[in-house]
Each structure stands twice: as structure tokens, then as C-alpha cells.
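A.B. asks: Sequence first, then the predicted structure, then my questions.
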Amino acid sequence: MSAKLADRFEFERVLWQQNVRRVAGVDEAGRGPLAGPVVAAAAILPVRWAESGLPAELMGLNDSKQLTEAQREKFFTFITGCGEIEFGIAEINAAVIDKINILQATHRAMNDALAKLNPLPPHALVDGRPVKTLRVPQTAIVKGDARSYSIAAASVLAKVTRDRLMLGFHAQFPEYSFNEHKGYGTAKHLTAIEKHGACPIHRKTFAPLKPKEPKLF
């Protein structure tokens, strides 16, 4: 077994050795954009892969941001279709993000994704900082999407799902070019907002969409 493979199962292995067999990797996509939903995913990989290695179809699995679109789509198809990976995906739309704020919306999406795993897993590996409201015990891992295969799988599920949603929104609102920037605050997107104003999927509480406070003097 290669050191690289062992490293990417390091956190799962600790739990598996404690007889915690269903360990869910959890990650999100879309916290930063000015438009569209935040999407979270949870994925449970088979314990036996720690010994046998990843299936050939998942070789190169990594943080979704480090992969090409073609790689992400290939991995997404295998993760959702192989039948050996438990997974759940959830989204929280822009209106709810504006109502409860992006951090709470992200955490709600994570909990909703976990809730789609039946039964709930006894433990989750979370990318980034601890999530106080998470419905299961957790291990928070900085840059976890590049250090845990379970989180990397969740990262791919969340990213591909969100990108596909944004392509659908592009068909509805082509003037914003959501197919190119997926709602992030690129120069092209900001120019479109200046020209057309906000559309229904924009996050109205995000700068530069947030109404400016009137100056006191």
C-alpha cells in the first residue's frame, strides 16, 4: 500500500480501529458566490478500501478544486453509481441564505446531507473548522478535502451538484453568464449586476448587492 493511500485514509482508519465502521466525509461548495445555493454532501466509503486501495475509477480523487471539470464529472458518476458508497446531497437556496446567513445555511446543508444517510453515521469528518450544530460527533480537519478520501468524495459531490445547478440557472438568466463563473464575484459577473441589477437567485445580503447604509454626515 502506498504512503499516499495510507495518508488519505489516516483519519478514517483511527475511527475504523475503534469499530466506528461508517465514517462520513462532509464538505460544501458555494459559500463564497454572490448567487445560487450553497450545497453540502456527505459520503461514506467502504472500510475495505483502506486495505484493497481505491477502485481504479477513483484514482486521483482529491479536493474538487484541484480537479478538472472532466475529472470531477467522472468521479461523480462513479461515486453516485457504484453502489458501495453511501451518500447524501443537500442545498440551501439564496433566499434562506439571506434570512439566516451563509454560515448557518452551510451548516444546515451539512446536517441535511447527513440526514439523507440512513441510519445516521456515528461520526463525521468535516472539512475546515468544527460545526457546533452538527447532528453527529465530528473530527474537523483543516484542508480535509485534500487529506481524507471521504471528504474528497463529498467535495466532488457538492461541487458537481452545484455547478450543474448553476448551469440550469444560466439557462434561466443568461445575461449573468452563470455558466462561466458559477455565481462568484468575477469582473464579468459584477458588470452584469451593474447593468441588470439582481436576479431572483442573487444573495441580497452579500456585498455588492447589499443596500449601502446611508451616511450620517
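C.D. replies: Structure received. Numbering: from 1, shown residues only.
A.B. asks: For the longest helix seen in the chain, which helices and strands make contact with it?
C.D. replies: Secondary structure of the chain per DSSP state H: the longest helix is helix 149-172. When contacts are defined as 3 or more Cβ pairs under 8 Å, 6 or more residues apart in numbering; DSSP states H and E, helix 149-172 sits against helix 10-16, strand 23-29, strand 38-44, helix 69-81, strand 86-92, strand 123-127, helix 178-181. Quick note: C-beta positions are derived from backbone N, CA and C, even for glycine.
A.B. asks: The ones you listed: which one's closest to F206?
C.D. replies: Among the helices and strands packed on helix 149-172, the nearest to F206 by Cβ to Cβ is strand 38-44 (11.7 Å).
A.B. asks: Pairing partners for the closest one, with directions?
C.D. replies: Sheet pairing of strand 38-44 (DSSP bridges) gives strand 23-29 (antiparallel), strand 86-92 (antiparallel).
A.B. asks: circling back to that earlier point, next, format the helices and strands packed on helix 149-172 as TSV and append distance to P200.
C.D. replies: TSV is the format used below for those (distance: least, Cβ to Cβ, whole Å):
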stretch	distance to P200
helix 10-16	40
strand 23-29	20
strand 38-44	16
helix 69-81	26
strand 86-92	15
strand 123-127	29
helix 178-181	12
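A.B. asks: closest one to P208 among those?
C.D. replies: Using Cβ to Cβ, the nearest of the helices and strands packed on helix 149-172 to P208 is helix 178-181, at 14.5 Å.
A.B. asks: can you give me the mean pLDDT across the closest one?
C.D. replies: Helix 178-181 carries an average pLDDT of 97.
A.B. asks: I'd like the numbering to begin with 26 instead of 1 from here.
C.D. replies: Understood, numbering begins at 26; the last thing we discussed is helix 203-206.
A.B. asks: picking up where we left off before, I'd like the helices and strands packed on helix 174-197 laid out as CSV, including distance to V181 and mean neighbour count.
C.D. replies: Compiled in CSV, these are given as follows (distance: least, Cβ to Cβ, whole Å; neighbours: other Cβ atoms under 10 Å):
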stretch, distance to V181, mean neighbour count
helix 35-41, 17, 17
strand 48-54, 9, 29
strand 63-69, 8, 29
helix 94-106, 5, 16
strand 111-117, 10, 21
strand 148-152, 12, 25
helix 203-206, 19, 18
